[in-house]
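Participant: this is the structure alone, sequence omitted:
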């Protein structure tokens with residue numbers, strides 16, 4: 001998913017000049033959307049650059065999220081941790097079904113009013 005690559009890219013950019021040891025993201029699960037969603041971030045707020053060797057940071061990524069050819073502003077809340085060569089991050093955003101013309105499933109007994117997207121990232125400096 002492109003959003004995973006964008007989060008990984010943001011964290012890799014914050015790590016500063018790591019040369020060949022830049023973090024690489026490996027997805028642990030595959031989710032297929034048709035058509036594939038796309039996200040375009042703008043500058044991050046709250047993430048130090050360069051990223052210290054250890055610590056935890058909460059920051060936001062804002063930009064545009066495109067689903068089913070509908071583009072809307074989007075804000076992702078990100079919690080990132082770095083412990084030496086390992087960086088972990090969780091990014092979340094929420095939006096209503098109607099914002100992207102998504103039909104609410106009718107066969108579900110209980111359903112929230114919002115869709116929550118969550119991306120978990122584990123990157124290792126090599």
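Facilitator: Right, received. Where do you want to start? Worth saying up front: this structure is predicted, and the values here are computed from it rather than measured.
Participant: quick check: buried residues in the one helix or strand residue 63 maps to?
Facilitator: When elements are defined using DSSP states H and E, residue 63 is found to belong to strand 54-67. Along strand 54-67, the positions that meet the burial threshold by neighbour count (16 or more other CB atoms under 10 Å) are 57, 59-61, 63, 65-67. Every residue, glycine included, has its C-beta placed from N, CA and C.
Participant: do stretch 95-104 as well
Facilitator: Of the residues in stretch 95-104, those buried by neighbour count under the rule 16+ other CB under 10 Å are 95, 100.
Participant: that one: end-to-end distance?
Facilitator: With CA to CA, to the nearest Å as the measure, the first residue of stretch 95-104 is 13 Å from its last.
Participant: residues in contact with that stretch?
Facilitator: The list of residues contacting stretch 95-104 from outside it, by CB atoms under 8 Å, 6 or more residues apart in numbering, reads 65, 67-68, 70, 72, 74, 111, 113-115.
Participant: just the buried residues from those residues, in ChimeraX please.
Facilitator: Of the contacts of stretch 95-104, the buried ones can be selected in ChimeraX as follows, counting by 16+ other CB under 10 Å:
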select :65,67,74,115
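Participant: tell me which of the contacts of stretch 95-104 fall in strands.
Facilitator: 65, 67, 70, 72, 74, 114-115 (DSSP state E).
Participant: CSV for the contacts of stretch 95-104, including pLDDT?
Facilitator: What follows is the contacts of stretch 95-104, written out as CSV (pLDDT from 0 to 100):
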residue, pLDDT
65, 86
67, 85
68, 81
70, 88
72, 89
74, 88
111, 70
113, 80
114, 87
115, 88
